[in-house]
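Colleague: here's my sequence, what's the structure:
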Amino acid sequence: MPELSTPRAGDLAGSGTASIKKIAVLGSSGFVGRAVVAELDGRGVEVQPVAAPRVSWPLAQALQAEAVPADLYEEVVDELAQQLDGAQVVINTAGLPDGSAPNSAGLYGANALLPTLVARASARVDAKRLVHVSSAAAQGPMALDETARTMPFSPYSRSKAIGERLLQREDCIETVIYRATWVHDVDRPNTRALIRLAQSRMSCVAGDGTAPTPQVLIDDVVASIVHLGLVSGPVPPIALQPSNGMTTGLLLRLLGGREPLHLSPRLAWYATRCITTYGRTSLQANAHARRVDMLLFGKRQTPGWLADQGLAPTLRPEAWERLRTAGTRLAPTSPPGVDAVTRPRTGDSTSRDTSGSPSGRSCRADEATRHLTK
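Modeller: You can find the predicted model right below:
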């Protein structure tokens, strides 16, 4: 893994956030991109939405590349530059976010290759900074920090790690790689799946449930991304989403409305070893095993630059409880045992579960664990 590159200081130093008039957002129609655009609009910043191009990159080339060849997808760089023209800052939220995705040229094109193409296009139009949204999944089982070290465990996390490594080789523009942790919102499938699990008999933690876990709300992530885009002065090469103080036990209590089962650390360790063995059978099983391990034992992270900037979010238990109670109801025609949590509809305010049988709860828990893959 290459050493961290020295951030380019001076481009935005002393300019103040008021001097940033236009920001281009790639992936503006996606989950994170939509929220970033809304926040920038609310701050009076002109937003330039940019559709992310579809590029492919075979796994063999992605693994062997020390840098992205200068002539690779040069026409894509040209087209991106035309769309980015006039933007002072570029925020790249584009990518394929499927944590259980198999190896594919599309996955490595979107997550490993595209960030470098965006950097080159941004430099061509004299943008001052690129904020690239990556994922803490790139560090795998490691404690999370802001070093360049990665330990990918799946095609998705590998594609993110390669994207980070190659982007750090580019010195054409001041770049900050923002590592998002596990992000939740009311209409996110992973969040709904976690709520179903928290409300089931499978809800459990290791020990007393006080281990830290890197789970944050979309508002917290947006605040960090926008700060990285607007702040004056140099930014670090890598910035990790700060912790809000969430713990394994509190997460399940807030989302489940009940106390989780507390397993002895020894029993929980044995269970995760069994699940890890099962995880070797398929990509989905491996992603599920990693998620269960984090739910039981949590994951530590080292406070970083954003925390020093005062961007560590408050926990806001009431906001997490609202996720649990925000508009989930089962269609009347659905039989007992069918997954009772659906995407919330406008105007819904309370959750309703019409499947009260133990078999129904077990079915929902099984469905939930299949979705907890990122």
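Colleague: count the neighbours of Arg54 for me.
Modeller: Summarising burial for Arg54: neighbours were counted as other Cβ atoms under 10 Å, giving 10. The way it works is simple: take the backbone N, C-alpha and C, and place the C-beta from them, glycine included.
Colleague: what about it, which SS state?
Modeller: Under DSSP: H, G, I helix; E, B strand; the rest coil, the three-state class of Arg54 is coil.
Colleague: which ones are touching it?
Modeller: Arg54 is in contact with Gly106, Gly109, Ala110, counting by Cβ atoms under 8 Å, 6 or more residues apart in numbering.
Colleague: among those, who's most crowded?
Modeller: Across those, the neighbour count under other Cβ under 10 Å reaches its highest value at Ala110, namely 25 neighbours.
Colleague: re the thing from before, would TSV of the contacts of Arg54 with distance to Asp71 and secondary structure be doable?
Modeller: Compiled in TSV, the contacts of Arg54 are given as follows (distance: Cβ to Cβ, whole Å; DSSP: H, G, I helix; E, B strand; the rest coil):
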residue	distance to Asp71	secondary structure
Gly106	21	helix
Gly109	16	helix
Ala110	20	helix
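Colleague: list just the nearest of these to Ser56.
Modeller: Sorting the contacts of Arg54 by how near they are to Ser56, with Cβ to Cβ, puts Gly109 at the top with 4.3 Å.
Colleague: hmm, Trp57 and that closest one touching each other?
Modeller: Yes - applying Cβ atoms under 8 Å, one finds Gly109 in contact with Trp57, separated by 4.4 Å.
Colleague: in the sheet, who's paired with the residue nearest the centre of the chain?
Modeller: Centroid-nearest residue in the chain, with Cα atoms, centre = their mean: Ala180, separated by 4.5 Å. Here Ala180 shows beta-bridge partners Ser135, assigned using DSSP bridges.
Colleague: now Val47
Modeller: When Val47 is checked against DSSP bridges, its beta-bridge partners turn out to be Ile23.
Colleague: residues near Arg34, how many?
Modeller: For Arg34, which is what you asked about, the neighbour count (other Cβ under 10 Å) is 17.
Colleague: can you tell me the closest non-neighbouring residue to it?
Modeller: Counting by Cβ to Cβ, 6 or more residues apart in numbering, Ser28 is the residue found nearest to Arg34 once chain neighbours are left out, at 6.7 Å.
Colleague: and the one you found, helix, strand or coil?
Modeller: Under the three-state scheme (three-state DSSP), Ser28 adopts coil.
Colleague: helices of this protein, start to end?
Modeller: Taking DSSP state H as the criterion, the chain contains helices spanning 31-42, 59-64, 74-84, 105-108, 114-124, 155-168, 189-198, 218-230, 248-256, 265-279, 283-297, 305-308, 317-325, 358-371.
Colleague: quick one: closest of these to Pro141.
Modeller: Of all those, helix 283-297 sits nearest to Pro141, with 7.5 Å by Cβ to Cβ.
Colleague: circling back: and the helices of the chain as TSV, adding distance to Ser19 and mean pLDDT?
Modeller: Shown next, in TSV, are the helices of the chain (distance: least, Cβ to Cβ, whole Å; pLDDT from 0 to 100):
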stretch	distance to Ser19	mean pLDDT
helix 31-42	15	97
helix 59-64	37	94
helix 74-84	18	97
helix 105-108	37	97
helix 114-124	17	98
helix 155-168	25	97
helix 189-198	37	91
helix 218-230	9	98
helix 248-256	40	97
helix 265-279	49	82
helix 283-297	41	79
helix 305-308	21	98
helix 317-325	33	95
helix 358-371	43	44
